[in-house]
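Chemist: Sequence plus predicted model, see below.
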Amino acid sequence: MPDLPLLQVSGLACRRGADWLFRDLNFAVRSGQLVWLRGHNGSGKTTLLRAVSGLTEPDEGHLTWAAVSHAAHEPGRQRLVYVGHLNAMKDDLTVCESLQFIARLHGQDGSRPRVLEALRLLGMYHRRNAAVRTLSQGQRRRAALARLVLESDAALWVLDEPFDALDIAGIDTVNGLLKGHLARGGSVLLTSHLPLDVSALQATELTLGPEAAA
Ligand SMILES: Nc1ncnc2c1ncn2[C@@H]1O[C@H](COP(=O)(O)OP(=O)(O)OP(=O)(O)O)[C@@H](O)[C@H]1O
C-alpha cells in the first residue's frame, strides 16, 4: 500500500462552547510532505494541532494513521513529536537536564552527549548549563526545538509557530531541519504567521476559518 498517507483526517470538528471552530475538516499528510496550517488568530490552529497530537478531544471525526484507523478521541499510534507554544521546558532544570528529561519521557535516548550535540546544532551549547528560566524567548524556542534533532526519526513533526521569537540564523537552522526531515520521508504539520519558503519546502497550505470558504 505505497500511496496511503501517513495521516488522513476525516470529518474532524472541534468547538469551544457553542461555537464550532472548524467542522467537517478533511485533509491528508503524506510521507515527505509539509502541511502549513494557516488562519487568523483564534481560528483553531492550535486546537487542531492538539487534536492531531491526541492532546485535545475532537467533537467529531476520525484520524487514520497509515493503515490503522482510530476514533478521533484516541491518540494515533504513529510516533509524533509536538512542540507547542509553551515549549514544555522545565524552568528549574538546566537546559541540558530539561531536554534529557523530555527525551526520556518519550522513550528516547536522553544521554548527555546526544543532548549536547542537539544543543550545538541549535546554537545553544553555550547555554547548556543555564537554568531554563534564565533563557530569552528565542533561546527557549531554540532549546525546545532541539527535540527535533533528538526525535528526528518521529514520523510526524507537529509544530505550533516554530519560528516564533527566532532570529534569522535560528529560522535558517529550523528550515534546514525541516528540509532534512522531509528529505528523509518525514512529515510536518505546522502553523506559522511568518511567511514560509513554500517552494523550497514544497509546502501544502491548509486554511482554517472564513478564508477557507473564500
Ligand atoms: N482551553 C480553552 N478554553 C476555552 N476556549 C479556548 C481554550 N483554548 C482555546 N480556546 C479558544 O478557542 C479558539 C481557538 O483557539 P486556538 O488557540 O486554537 O486558535 P489559533 O488559531 O491557534 O490562534 P492564534 O493564531 O492566535 O495562535 C479561541 O477563540 C480561543 O479563545
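Modeler: Right, received. Where do you want to start?

Chemist: how about the strands in the protein?
Modeler: 7-16, 19-29, 34-38, 60-65, 68-71, 80-83, 156-160, 187-191, 203-207 (DSSP state E).

Chemist: could you give the mean pLDDT of the fourth one?
Modeler: In this model, strand 60-65 has a mean pLDDT of 92.

Chemist: Report the buried residues of that strand.
Modeler: G61, H62, L63, T64, W65 (16 or more other C-beta atoms under 10 Å). Where C-beta positions appear, they are placed from N, C-alpha and C, glycine not excepted.

Chemist: likewise the first one?
Modeler: For strand 7-16, burial by neighbour count (16+ other C-beta under 10 Å) applies to L7, Q8, V9, S10, L12, A13, C14.

Chemist: Go through these and say which is closest to the ligand.
Modeler: Relative to the ligand, the closest of the buried residues of strand 7-16 is C14; by C-beta to the nearest ligand atom it sits at 8.0 Å.

Chemist: Looks like the closest one contacts A51 (just checking).
Modeler: Yes - with contact defined as C-beta atoms under 8 Å, C14 and A51 form a contacting pair (6.0 Å).

Chemist: Pipe the buried residues of strand 7-16 into TSV and attach pLDDT and distance to the ligand per row.
Modeler: Putting these into TSV (pLDDT from 0 to 100; distance: C-beta to the nearest ligand atom, whole Å) gives the following:
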residue	pLDDT	distance to the ligand
L7	94	19
Q8	94	21
V9	96	15
S10	96	20
L12	97	13
A13	96	13
C14	96	8
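
Chemist: rewinding a little: which residues do C14 and A51 both contact?
Modeler: The contact sets of C14 and A51 overlap at P58 (C-beta atoms under 8 Å, 6 or more residues apart in numbering).

Chemist: ranges for the helices of this structure?
Modeler: Along the chain, counting by DSSP state H, helices occupy 45-52, 95-105, 112-121, 137-145, 147-150, 168-183, 198-201, 210-213.

Chemist: Could you point out which of those sits nearest the ligand?
Modeler: Taking the helices of the chain one by one with C-beta to the nearest ligand atom, helix 45-52 is closest: 3.4 Å.

Chemist: Compute the inter-axis angle for the closest one and strand 203-207.
Modeler: Calculated by axes from the mean of the first three to the mean of the last three C-alpha atoms, to 10 degrees, helix 45-52 forms an angle of 110 degrees with strand 203-207.
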